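# Predicted model and sequence below, questions to follow.
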Amino acid sequence: MNNKSENNRKNSCIELLNSFSEKEMDGLKKLVACTYFNTDKSIVELIDIIKRNVWRKRQFNTELEEIIYNKLFNKKSKKNRLSELEKKRLSTKMSVLMRLAEQFLKIEALNDNKAYSSDLLLQKTLEKQQFRLFQRHLNKDKKRLEAQPHQDFEHHRHQQLIEENTLNYLHRSGELLKQDNLNELMYQADIQYFLKKLSLFTTAISLQNITSRRYDTASTELMFAVLDLPRYASHPLVQIYRASIDLMQCPSEENYRQLLTTLDGNEATISRVDLNNFYVVATNFCAQRILEGKFDYQELFELYRIMDEKDLLIEGNFIPIGKLKNTITAGCRVGEFEWASALTDKYKNAVKKPIRESVYRFNMGAIAFYQNDYKMALHHLVRVDSINLTYDSDCRIMLVKSHYETDKEYDERTLQIFRSTEKYFNENQQLTAKNKKAYKNFIRILINVYRVRHRATKMTLESIQEKLERQEVNSDKQWLMEKIGELSK
């Protein structure tokens, strides 16, 4: 093994361990200490050394490598550097730990996935012809599934595995000629396939709508004829997927209302994950209608309010910060400032810790901005660190708008802030050329309006308005028109 491969193995091991929670590290230590999995006692010591000296402290480097080696082998390396032989020796130990960590993850995955763990146990009991034990576990699985109201993909996958094992049991026990479960097995195989294809199809439509990619969906479109058969058409999730696809392919208020009606009628049988995904389709439609001037923010606010009540804003253990921002904005747009402020507090700790304070400051700044409390908006927004492109862009735009609103007199420092913001957008490599132009146009018009407001230019409002109206792209033409209107009075 060459040096590069050895370093990659060591780095990969540390990177993997750094992703573990405290609970997972404790679990891994117990697995490493178990002689069924590991007979090398030095690995038990190795994981303790890593936990104390390296884990989540800083990026793994030669200094940390040396610390681990010296503590593990109780030896000082010569010339304060590890020899090639010593590096290989440590790499071997790290490789063993890496394999044990991967083994731990497999066990955790089996514990988390009842369908697969049960399937493996049922297969093993049949191989050993332990039919009574097989029946006992099979009945437990069936009762567990019957108690689940959600008929999602995972439910049907588990059901299919049960039916496959049942068929295998009938074959091994010699009962297959007397009875079989082929009809149920074929139904479960079909419905599982259909749900997966529908899920992939909605993803393809979404990507086609925002990118230039195209996908071969001919087989899925042919599948719709089969889905019209009563045994499939009556399935709640099939109905909701069909309503969702209709809205995505033909965006109309009728299809939008149909999706919400279908969701409301089948909510009890839909998992939180699926329910969230379908509500996202609905919010995306509302957002597009707002851009087209066909919806106001009230409709979007009502959707986010429902999602909050149904606990759908949280995904996993965290709230996506984009979803949080959109929710707060919708509340502000309809004047629900107390609600928006309460949600900001409610979900503060559901934001990942490194960006938690900045996300909180941003949303509090946005609430203050929409309340026209521009000094308070500045108080919060200037304390926002870089989060992501969307947050950073919106933060900068609210900052320049707030500076415009708060200046009672002409201030060259404010113009410098405007120019600095323009430079940020021009030099940002993540922005498309169209978006750069939209932001640049906004800032240039803003500078001109600011100068007219404080009588620092010979330009007229009429000429600025004409220029604004001619622009094909501008990040916030409506706000600029409002400011021009205020100065015209």
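Great, that's in hand.
# So Asn363 sits against Thr344, correct?
Yes: taking contact to mean Cβ atoms under 8 Å, the distance of 4.6 Å between Asn363 and Thr344 places them in contact. The way it works is simple: take the backbone N, C-alpha and C, and place the C-beta from them, glycine included.
# So which of those two has more stuff around it?
Using other Cβ atoms under 10 Å as the criterion, Asn363 and Thr344 rank with Asn363 on top: 28 against 21.
# Now list whatever residues contact both of Asn363 and Thr344.
Here Asn363 and Thr344 share the contacting residues Ile328, scored by Cβ atoms under 8 Å, 6 or more residues apart in numbering.
# Give me the most central residue, the protein.
The residue at the geometric middle of the chain, judged as the C-alpha nearest the mean C-alpha position with Cα atoms, centre = their mean, is Pro320 (5.8 Å).
# Might you report the residue contacts of it?
So Pro320 contacts nothing (Cβ under 8 Å, 6+ apart).
# quick one, phi psi at it?
phi -60, psi 130 (degrees, to the nearest 10).
# the bottom helix or strand of the chain by mean pLDDT?
The least trusted helix or strand in the chain, going by mean pLDDT, DSSP states H and E, turns out to be helix 3-18, with a mean of 75.
# related to what we said a few turns ago, could you measure the residue nearest to the centre of the chain against Val351, distance?
Using Cβ to Cβ, to the nearest Å, we find Pro320 at a distance of 9 Å from Val351.
# Please apply the same query to Ser219.
Looking at Ser219 against Val351, where the rule is Cβ to Cβ, the gap reads 41 Å.
# more crowded one of these two?
Just comparing Ser219 and Val351: by other Cβ under 10 Å the higher neighbour count belongs to Val351, 20 against 9.
# The more buried one contacts Gly322, doesn't it?
No: look at Val351 against Gly322 with Cβ under 8 Å: they stay out of range, at 11.3 Å.
# residues contacting Ser358?
Ser358 makes contact with Arg383, Val384, Asp385, Ser386, Ile387, Tyr391 under the criterion Cβ under 8 Å, 6+ apart.
# before we move on, which element is it in?
Using DSSP states H and E, the element containing Ser358 is helix 353-370.
# buried ones in that helix?
Neighbour-count burial for helix 353-370 flags 355, 358-370 (criterion: 16 or more other Cβ atoms under 10 Å).
# Residue ranges in the stretch 1-150 of the chain under the pLDDT threshold?
In the predicted model of the stretch 1-150 of the chain, residues 1-9, 76-80 satisfy pLDDT under 70.
# Leaving out sequence neighbours, find the closest residue to Leu200.
Nearest non-adjacent residue to Leu200, counting by Cβ to Cβ, 6 or more residues apart in numbering: Thr220, 7.6 Å away.
# what's the answer for Arg453, then?
Leu487 (5.8 Å).
# any idea how far the one you found is from Thr457?
Counting by Cβ to Cβ, the gap between Leu487 and Thr457 amounts to 12 Å.
# So which of those two has more stuff around it?
Under the neighbour definition other Cβ under 10 Å, Leu487 and Thr457 were set side by side, and Thr457 has more, 15 against 11.
# OK, contacts around that one?
For Thr457, the set of contacting residues under the criterion of Cβ under 8 Å, 6+ apart consists of Asn448, Arg451.
# What's the separation between it and Tyr360?
From Thr457 over to Tyr360 (counting by Cβ to Cβ), the distance is 39 Å.
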